[in-house]
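Peer 1: I would like the atomic coordinates for the input below:
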Amino acid sequence: MRRTLLALALTVVVAACGGGDGGDGDGADSFADGAAETTEPQTREPQTSAVPACTPAPLEQRAGRVLIVGLLPVRDAEHGLIGDILDVGVGGVLLLPPNVASTEQVTALVAGIKQQAARPLLVVAGEESGRVSTFRTIFGPTPSARDLAAANTPAQLTERAKEIGARMASVGVNLDLAPVADLDAGPARGIIGDRSFSADPDRAGELALAWARGLHAAGVHPTAKHFPGHGRMQADSHRALELLDTPLAELEASDVKPFVRLIEAGVPAVLLDHIAYAAFDPDRPASLSPKAYAYLRELGFEGVAITDSVGMGAVNLRWPYPEAAVESIIAGADAVLATDGAQARPMRDALVAAVRDGRLPEARLNEAAGRVEALAGGDPEALVCVEVQAPTLR
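Peer 2: Numbers count the residues shown, from 1 in each chain. You can find the predicted model right below:
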């Protein structure tokens, strides 16, 4: 299922990474001209080209890049929290409804944040259409995925998503935590409920992909969520961790199928849920499960794997924010989502400590930071000495 043209190839660009604070060398070796004239043939050493050394960004910067944090209660870019999270070097900021008062206000907020940031940022929203809407204050009420599916063709859904994406892009958003690819035929107000396009795996995949294509056409990266499928679990992971004992073969025939459709099309981001699956790790949510991330990669996904917010009860009651960040990245996440921006520094510092004590392999952190940097439009090679290309949705 891998799509070579969409591969997010991670290749070490240089033979040596490390060293001091100096920049790259000029790469010019000097060779002796040989001795004075002689009747004997002169012997010259084979000419070789020096490989410029690559010095990755400081460990603290690389650790900060894997964090996407909320801005509560910020509405102004001069708020002290903004300076703090940018000093941490986060890879993204998450806009929530309390951050949005008007189009002019949120546009100025995002522009001010970007102006202060040292690197390109992911500016993230959770605009699904329906009851999960970052921008309801300025967009007004919008139909649920279930209602949209009942009244629109896939092509019409793409146009609808393109319109919403264009409005988000106009205020500076470049990553949306949508579409929902979960299946659900239950009550509309269930945990997933009417946020799902369909209970049929094929139709859900078709319509979620149509929505993703509309966002992409507007210049906003889509995110398929909640992998590997939240629809059959009605428990609220905001409150506690719950176990789903459905066999993997059954999940693959139903819940996972819409995600496969999106992965095969090159979706650049997937968000993992906080449900524990007996098929992976029964005592850990998918968002912190090495087996769940390994399975996601086996399906061919090569984009940015994002956790659901680690402040939710399913995670936070057992793993405080710093520990959750470390466990997530070790497991295989590329970005750790947290609605509480005040947790950015403790999470960053925990990641740095985990690398230094050998618990978190530095290569794993570099892989994650490079993927986030590429999705944000930055230069992964300059950050982690690794060339990364983000997948492009077809």
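
Peer 1: any idea of the mean pLDDT in stretch 53-67?
Peer 2: Across stretch 53-67, pLDDT averages out at 96.

Peer 1: how long is it from one end to the other?
Peer 2: Criterion CA to CA, to the nearest Å; first-to-last residue distance in stretch 53-67 is 28 Å.

Peer 1: for stretch 220-235, same thing?
Peer 2: One end of stretch 220-235 to the other measures 31 Å (CA to CA).

Peer 1: Over to stretch 384-393?
Peer 2: Stretch 384-393 has an end-to-end distance of 25 Å (CA to CA).

Peer 1: how far does it sit from the chain's center?
Peer 2: With CA atoms, centre = their mean, to the nearest Å as the basis, stretch 384-393 stands 12 Å off its chain's centre.

Peer 1: Quick one: mean pLDDT over that stretch.
Peer 2: On average, stretch 384-393 scores 93.

Peer 1: Report the buried residues of it.
Peer 2: 384-388, 390-393 (16 or more other CB atoms under 10 Å). For the C-beta atoms, the positions are set from N, CA and C on the backbone; glycine is no exception.

Peer 1: What of stretch 151-161?
Peer 2: Within stretch 151-161, the residues that count as buried by 16+ other CB under 10 Å are 152, 154, 157-158, 160-161.

Peer 1: Let me know the closest of those residues to Phe139.
Peer 2: Arg160 (12.0 Å; CB to CB).

Peer 1: what are the ranges of the helices in the stretch 151-300 of the chain?
Peer 2: Here the stretch 151-300 of the chain has its helices, by DSSP state H, counting those that start in this stretch, at 154-170, 201-217, 248-253, 257-264, 290-298.

Peer 1: Dump those into a markdown table; add distance to Gly112 and mean pLDDT as well.
Peer 2: As requested, the helices of the stretch 151-300 of the chain are exported to a markdown table (distance: least, CB to CB, whole Å; pLDDT from 0 to 100):
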| stretch | distance to Gly112 | mean pLDDT |
| --- | --- | --- |
| helix 154-170 | 16 | 98 |
| helix 201-217 | 24 | 98 |
| helix 248-253 | 44 | 98 |
| helix 257-264 | 33 | 98 |
| helix 290-298 | 35 | 98 |
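
Peer 1: Rebuild these as JSON lines, extending it with distance to Asp281.
Peer 2: Putting the helices of the stretch 151-300 of the chain into JSON lines (distance: least, CB to CB, whole Å) gives the following:
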{"stretch": "helix 154-170", "distance to Asp281": "34"}
{"stretch": "helix 201-217", "distance to Asp281": "24"}
{"stretch": "helix 248-253", "distance to Asp281": "12"}
{"stretch": "helix 257-264", "distance to Asp281": "18"}
{"stretch": "helix 290-298", "distance to Asp281": "6"}
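
Peer 1: closest to Gly140 out of those helices?
Peer 2: Relative to Gly140, the nearest member of the helices of the stretch 151-300 of the chain by CB to CB is helix 154-170, separated by 11.1 Å.

Peer 1: so how far is Asp194 from the residue lying closest to Thr142 once chain neighbours are set aside?
Peer 2: Excluding the flanking residues, the one nearest Thr142 by CB to CB, 6 or more residues apart in numbering is Ser129, at 4.5 Å. Ser129 sits 10 Å away from Asp194, going by CB to CB, to the nearest Å.

Peer 1: shared neighbours of those two, anything?
Peer 2: 144-145 (CB atoms under 8 Å, 6 or more residues apart in numbering).

Peer 1: Now do stretch 108-125: distance to the chain's middle.
Peer 2: That offset, for stretch 108-125, works out to 16 Å (CA atoms, centre = their mean).

Peer 1: Show me what counts as buried in that stretch.
Peer 2: For stretch 108-125, burial by neighbour count (16+ other CB under 10 Å) applies to 108-110, 112-113, 117, 119-125.

Peer 1: can you tell me which two in those are farthest apart?
Peer 2: Ala108 and Arg119, at 20.7 Å, using CB to CB across the buried residues of stretch 108-125.

Peer 1: ok, back up a step: for the buried residues of stretch 108-125, which one is nearest Phe301?
Peer 2: Of all the buried residues of stretch 108-125, Leu122 has the smallest distance to Phe301: 17.7 Å, by CB to CB.

Peer 1: pLDDT score for Ser237?
Peer 2: Per-residue confidence (pLDDT) for Ser237: 86.

Peer 1: now swap in Val90 and tell me
Peer 2: Looking at Val90, the pLDDT reads 98.

Peer 1: burial measure for it, as a count.
Peer 2: Counted with other CB atoms under 10 Å, the neighbours of Val90 add up to 29.
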